[in-house]
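1. With the input below, show me the fold.
(2 chains)
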There are 2 protein chains.
Amino acid sequence: MRSQLSIVKIGGNVIENQEELKTFLSLFSQLPSPKILVHGGGKRATEISERMGIPAKLVNGRRITDAKGLEVVVMVYAGLLNKKLVAGLQALDCNAIGLSGADANAITAYKRPVKEIDYGFAGDVSSVNGEAIGKLLEAGFAPVFCALTHDGKGQMLNTNADTIAAELGIGMSPNYDVTLYYCFEKPGVLSNVEDESSVIQHIDQENYPQLLKDKVIANGMLPKLHNCFHALEHGVQTVCIGNLEMLKPNAQLFTTVTL
Amino acid sequence: MRSQLSIVKIGGNVIENQEELKTFLSLFSQLPSPKILVHGGGKRATEISERMGIPAKLVNGRRITDAKGLEVVVMVYAGLLNKKLVAGLQALDCNAIGLSGADANAITAYKRPVKEIDYGFAGDVSSVNGEAIGKLLEAGFAPVFCALTHDGKGQMLNTNADTIAAELGIGMSPNYDVTLYYCFEKPGVLSNVEDESSVIQHIDQENYPQLLKDKVIANGMLPKLHNCFHALEHGVQTVCIGNLEMLKPNAQLFTTVTL
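-> Numbers count the residues shown, from 1 in each chain, chains lettered A, B, ... in the order given. Here you go, the predicted structure:
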């Protein structure tokens, strides 16, 4: 019988807010194993970057990671934020093990080719080491991934956390039934951005084209949903989108995305 | 038959010097498995601390780790330096996995009690999780430990890298024949600090008292040797002290310490 695997992605904002962090750690630690956590942390990286006199570079809202900027994200993501989560989970008897894509050669990426924009040390995932991650899961560990990969030649790379969660889901799907949880501020995908009760409970290949056609889904959600369908088309079973509430055992208000 | 386990400790200076780092990564990757790396990094932490406007606090040459200072060492040790080593080893096909004491609940410590001096978030090791570390070694990983522990209640703690190496050696000794390698600048323990060829090849319980009595061993070496005998008395088989040369297959000039 195939095991169920939960992969939960949270943004850096959850880690910065003491109350939310406490809630999240408690909910994650109570999820059944095997499970994987993926976290972002861009805001904190920007703040520490500025304190070090290295202004963050953004082009069209996307981070440009130069050599100095990469040092900062490696420090903040793999150091500060990752260890805060790992130590917090250990305190709740969840046997967390913090990882970047370099650790255990878990996630390899290639440096994004320079076209109109040079994103610097940004990595696009080329492979997920399902065997190594599987060994950690089987040994009873809960991997906690920060949003960093490596190129296999000694270079760390900055990779979007949503993408890492989706690629991990795809990479683990040959051996696990994967459910991917994208936690964000809203209780789900809303049909009316102004109304938090307007959660669309289910999105699939059948109603998605109509939702797009009727422009029901807010612009900001489109890349997220694109990511979801990409994961589903490549082996992930279910994607859930919502706020932390969705991790509660009897949660009902969130969006489920399936093929 | 019991496995041999090599535990190698390097200072932060090896990581900062490109040439030395390259030499070290190559030598470490060629050591037979199972193996563990432990690294320091205080100098770099001090430098980044100052860039962030957080002056490093030292009392009698020992670092005082306040809350802000702890954030910096977690960033620098577990982030910047640890991932540099892990990505560098992966490039040489050594399946490194970076760890702090919180990861896999590997090393638990207690916050040093306040006596004359309040060292802040400094941790004295209370237990090494030999079972968890053993699982990682058996899965074929080479753990790379930074000099951080946790208290099991969510708090990261700053712990001396020499001590971590010794405690890991002791903690793994019930199941492995442990050789501990302390790499530093000198080719070994010298009988004449001015003369690098004056390496004392072997130190044990028999000649150690005489060496102490004759004041042959330089003051700076005393805590290091104290650490060595502590490890040997608690299960470690052999301690080797020297520079990176000692990791070469046919190395001859270094100091071996046994009971």
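
2. From chain B, how far off is A:Tyr77?
-> 7 Å (Cβ to the nearest Cβ, to the nearest Å). Just so you know, the C-beta spots here come from the backbone N, C-alpha and C atoms, and that holds for glycine as well.

3. can you check A:Met156 too?
-> 5 Å.

4. A:Thr159 now?
-> Distance from A:Thr159 to chain B, by Cβ to the nearest Cβ: 13 Å.

5. That residue: neighbouring residues, count only.
-> Counted with other Cβ atoms under 10 Å in any protein chain shown, the neighbours of A:Thr159 add up to 27.

6. Which secondary structure state does A:Cys240 sit in?
-> With DSSP: H, G, I helix; E, B strand; the rest coil as the basis, A:Cys240 sits in strand.

7. Show me what the closest residue in space to it that isn't next to it in sequence bridges to in the sheet.
-> In this structure, A:Cys240 finds its nearest non-sequential neighbour in A:Tyr181, 4.8 Å apart by Cβ to Cβ, 6 or more residues apart in numbering or on different chains. Per DSSP bridges, the residues bridged to A:Tyr181 are A:Val8, A:Cys240.

8. And the pLDDT for A:Tyr181?
-> Looking at A:Tyr181, its pLDDT is 98.

9. residues touching A:Glu50, list them.
-> Counting by Cβ atoms under 8 Å, 6 or more residues apart in numbering or on different chains, A:Glu50 makes contact with A:Ala56.

10. And the next helix or strand past the strand or helix carrying it?
-> Using DSSP states H and E, A:Glu50 sits in helix A:42-51. Counting by DSSP H and E, the next helix or strand C-terminal to helix A:42-51 is strand A:57-59.

11. which parts of that next one are buried?
-> Neighbour counts over strand A:57-59 (16 or more other Cβ atoms under 10 Å in any protein chain shown) mark no residue as buried.

12. Check what contacts it and list those residues.
-> Contact with strand A:57-59 is made by A:63-64, A:66, A:69, A:117, as judged by Cβ under 8 Å, 6+ apart.

13. how about a cut-off of 6 Å?
-> The set of residues external to strand A:57-59 that reach it, using Cβ atoms under 6 Å, 6 or more residues apart in numbering or on different chains, is A:64, A:117.

14. In its sheet, which strands sit next to the very next helix or strand once past that strand, and in what direction?
-> For strand A:57-59, the succeeding helix or strand toward the C-terminus, using DSSP H and E, is strand A:62-64. Within its sheet, strand A:62-64 is paired with strand A:57-59 (antiparallel), according to DSSP bridges.

15. mean confidence score for the partner strand?
-> Averaged over strand A:57-59, pLDDT sits at 80.

16. about what we covered before: by how many degrees do the helix holding A:Glu50 and helix B:42-51 diverge?
-> Counting by axes from the mean of the first three to the mean of the last three Cα atoms, to 10 degrees, helix A:42-51 lies at 80 degrees to helix B:42-51.

17. pLDDT of helix A:42-51, averaged?
-> 88.

18. could I have it exported to CSV, CA atoms only?
-> Presented in CSV, the C-alpha positions along helix A:42-51 are these (Å, rounded to 0.1, in the frame of the first residue of the first chain):
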residue,chain,number,x,y,z
GLY,A,42,11.8,36.9,1.5
LYS,A,43,10.6,39.7,3.7
ARG,A,44,13.1,38.9,6.5
ALA,A,45,15.9,38.5,3.9
THR,A,46,15.1,42.0,2.6
GLU,A,47,15.2,43.5,6.0
ILE,A,48,18.5,41.9,7.0
SER,A,49,20.0,42.7,3.6
GLU,A,50,19.2,46.4,4.2
ARG,A,51,20.7,46.3,7.7
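
19. Quick check on A:Gly69: phi, psi?
-> phi -60, psi -40 (degrees, to the nearest 10).
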